[in-house]
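> please find the sequence and the predicted model below.
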Amino acid sequence: MPSMLVIQNLQARVEEKEILRGISLTVNAGEVHAIMGPNGSGKSTLASILAGKQDYEVTGGSVDFDGTDLLELDPEERAAAGLFLAFQYPIEIPGVTNTYFLRAALNNVRKARGEAELTMTEFMKHIRSKVEMMELDPSLLSRSVNEGFSGGEKKRNEIFQMAVLEPKLCVLDETDSGLDIDALKIVANGVNHLRGEGRGIIVVTHYQRLLDYIVPDFVHVLMEGRIVKSGGKELAHELEAKGYSFIEEELAAAR
Amino acid sequence: MTTDLRAKEDTFTEIFNAAHAVLNTLADGRFADVRERGIHKFREYGVPTHRDEEFKYLSLRNLNETAFQIAYGATVSRGDLTHPIVAIDAITLAFVNGQYAPELSTADTLPDGVYVGPFEELPFEVDQAFEKQFGRVANLVGKLGTTNDERFTYLNQAFFADIAVIYVPENVVVERPIHILNLSTANRGPLISAPRAYAYFSTNSQAKLIESFIGLEGNYLNVPVTEVVLESGAIVEHVRVQDETLAATHIGTHAVHQDASSNYTAFNVNFGGQIYRNDLNVWLNGSGTETRLDGVNVGTDNQVMDNHTRIDHAFPHCNSFEVYKSVLRDNAQGIFNGKIFVYEDAQKTDAKQTNQALLLSATAQMNSKPQLEIFADDVKCTHGATIGQLQKDALFYLQARGIPKAQAESLLVYAFANDVLSRISSEAVRQALENRLFDKLEVA
């Protein structure tokens, strides 16, 4: 079976600043990859570029998603193709209710997949178990998207949306930041529910903490726009114990 | 230039000379002197230019270049009424070019003492209420302000034909909305029409008023004046919808008088007009009043949408809250001037004014001018104006969830306008306006 996501030598910059300097990464269906790295290493940039944010200029390399050139697609086409980005900073949209927004999103994605759109009743049925799983206060559904949500509610809302849209490839951008331990467990539980089923997951995080709950199959360390080390889940523990400096030292020694 | 203007003033006078004999056959000539004073006063000022402070950003040169005729005798059939606001279930009082149209009005059984109809032989109480404030609510004499400009009130006074009269007696609650439907059609050349309305809500009465200006055809000048009186404790929600033809010029005056402890909410929603201008003036005549003025303007093509509002806080302990929003595309131009006068005695005034514009093209523009003049020392008055484009981050967020760009944009425009529209109490009215909004912006 061909790989779901193949990133080859991806390079990107913002204005004159190079941020990604040649990233290669392959994700197969069913795998969970963690991408770790210090602040400013390019982790979030990678996540944003995969989702199609316009602020970055891709200067080289390629991204193949299920046989399609991902970089050629508009953000909504990427979502329709099955890619989901859980935002590090979810956007507040006053005046649009969460339910309206999510149903519009789901129906667009379903339409793209050739599935029938859901009526309001069918939609409410579809989301009920997911609301419970994410322990969301149901009143949040009728409120404006993310408006006045606490940090934890926003992150849970992201994973809730992911559960509703059932994407093929989930990209979590620092979903653990700003979460207390209870919220972290809820978020991890939501993600673990989506594990398997031919789904790929990329967890972008600064800390190992989240990976205690979402145990990755592979861990990659991103520094200065390159993946400098890859390994199994034990690499995350090593980073936790020794900090990122041990890799810097290894790299220095190798030069 | 001066001679041109003089010539034009004479043209309005000419129209007047030709028309007033016919107009004075209405209501037994009761308003003959009023009309005469109107044209006389208008002639003193003439058509405004950029040098007139209250018309600084609004060009009305077209008024000098158009040969308007008096509007009289046009008819409209029900089949032509496709506007969504017309479908709203309401006690409807219809006018065509300022002339009462009984065939388009509804004959309803009204609660005891309530009057909804044209000015004619009024019941005694209604006539008294009419005499009390007619022409006075719109008058700015004796009120603060150094640039007060009433010339279009005078022009209406010269040309109005029938008057929509609404009267609700003390303690009466009218459940069904009352709709003053103003239709304009100029299928035989440019017209001038001057709809006039007078609505009187007695002590502790409650009602919902819809007032619409719907254009059917052609180029015309519409100069409506609406006067609204709330006696103490009255509660009124007033939705005003302006959807003239894109060739029309609409210059309206909407004046409100609020006695103590009354509660008035106005939604002013505008879609139409080549040139739209409205002056909404609210005089707070007692303590403890609540006033909410909300507006939504949706301008495209070369439309100009100019809202002037003024609130006179003349008594202590009154609250006013105002949010005006504009969505402008193509070469549309928006103007907002929001005056709040706080008189010397009006301590503990709480007034908040917000003006926001969303520009959907590089060539749309907005001029916003808050104007707070405060003569009391213990008050809370704030104002804020923002002019911006659709938030890129929000757009990306919606797209990243699978919502196509065009739909995402319309969703954000909807959200912007809906912040105001969602406060309209009637679901049917809200829905009609939302549909019109989407229709106008040609988005699904």
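Yes, it's here.
> helix/strand/coil for B:T382?
strand (DSSP: H, G, I helix; E, B strand; the rest coil).
> quick check: closest non-adjacent residue to it.
Nearest non-adjacent residue to B:T382, counting by Cβ to Cβ, 6 or more residues apart in numbering or on different chains: B:K352, 5.1 Å away. From N, CA and C alone the C-beta is placed, and that goes for glycine too.
> neighbours of the one you found, just the number please.
15 (other Cβ atoms under 10 Å in any protein chain shown).
> check contacts around it.
By Cβ atoms under 8 Å, 6 or more residues apart in numbering or on different chains, the contact list for B:K352 reads B:S320, B:F321, B:E322, B:C381, B:T382, B:H383.
> ok, now with 7 Å
With contacts defined as Cβ atoms under 7 Å, 6 or more residues apart in numbering or on different chains, B:K352 is in contact with B:F321, B:E322, B:T382.
> let's have those residues in TSV, adding neighbour count.
Shown next, in TSV, are the contacts of B:K352 (neighbours: other Cβ atoms under 10 Å in any protein chain shown):
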residue	neighbour count
B:F321	16
B:E322	23
B:T382	12
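> now, which of these sits nearest A:A236?
B:T382 (51.3 Å; Cβ to Cβ).
> and the stretch 101-250 of chain A, which residues reach chain B?
By Cβ under 7 Å from any Cβ of the partner chain, the residues of the stretch 101-250 of chain A that approach chain B are A:A104, A:A105, A:N108, A:V109, A:Q161.
> show the pLDDT at the residue nearest to B:T382.
pLDDT recorded at B:K352 is 97.
> B:A428 too?
At B:A428, the model reports a pLDDT of 93.
> that one: how many residues sit nearby?
A count of nearby residues for B:A428, using other Cβ under 10 Å, gives 15.
> for it, give me its contacts.
By Cβ under 7 Å, 6+ apart, B:A428 lies in contact with B:I88, B:D89.
> gap between it and B:P169?
In this view, B:A428 and B:P169 are 26 Å apart by Cβ to Cβ, to the nearest Å.
> center of chain A, which residue is that?
Of all residues in chain A, the one closest to the mean position by Cα atoms, centre = their mean is A:V171, 1.8 Å from it.
> which residue does chain A have closest to chain B?
Residue nearest to chain B within chain A (Cβ to the nearest Cβ): A:G95, separated by 2.9 Å.
> helix or strand for B:S368, which one?
Per DSSP states H and E: B:S368 is located in strand B:365-374.
> give me the phi and psi angles of the residue in the stretch 101-250 of chain B that chain A sits nearest to.
Closest to chain A within the stretch 101-250 of chain B is B:V239: 19.2 Å, counting by Cβ to the nearest Cβ. Backbone geometry at B:V239, expressed as degrees, to the nearest 10, gives phi -100, psi 120.
> distance of it relative to B:T289?
20 Å.
> neighbour count winner among the two?
Legend: neighbour count by other Cβ under 10 Å for B:V239 and B:T289, higher for B:V239 (27 against 24).
> of the residues of the stretch 101-250 of chain A next to chain B, keep whichever come out buried.
Among these, those classed as buried by neighbour count (16 or more other Cβ atoms under 10 Å in any protein chain shown) are A:A104, A:A105, A:N108, A:V109, A:Q161.
> farthest pair within those?
Longest span within those, Cβ to Cβ: A:N108 and A:Q161, 12.9 Å.
> burial count for A:E122?
When neighbours are counted by other Cβ under 10 Å, A:E122 registers 12.
> any low-confidence regions in the stretch 101-250 of chain A?
For the stretch 101-250 of chain A, no stretch has pLDDT under 70.
> now with 80?
Counting by pLDDT under 80, the stretch 101-250 of chain A shows low-confidence ranges at A:197.
> where do the strands sit along it?
Secondary structure of the stretch 101-250 of chain A by DSSP state E, counting those that start in this stretch: the strands cover A:144-145, A:169-173, A:200-205, A:218-223, A:226-231.
> out of those strands, which is closest to B:T245?
Nearest to B:T245, of all those, is strand A:144-145, at 35.8 Å by Cβ to Cβ.
> tell me how far the closest one lies from the chain's centre.
With Cα atoms, centre = their mean, to the nearest Å as the basis, strand A:144-145 stands 21 Å off its chain's centre.
> for stretch B:267-285, same thing?
How far stretch B:267-285 lies from its chain's middle: 4 Å, per Cα atoms, centre = their mean.
> what is the end-to-end distance of that stretch?
Distance between the boundary residues of stretch B:267-285 (Cα to Cα, to the nearest Å) amounts to 21 Å.
> is the nearest residue to B:L122 once chain neighbours are set aside in a helix, a strand, or coil?
Counting by Cβ to Cβ, 6+ apart, B:L122 lies nearest to B:F130, which is 6.2 Å off, once chain neighbours are set aside. Put simply, B:F130 is helix when judged by three-state DSSP.
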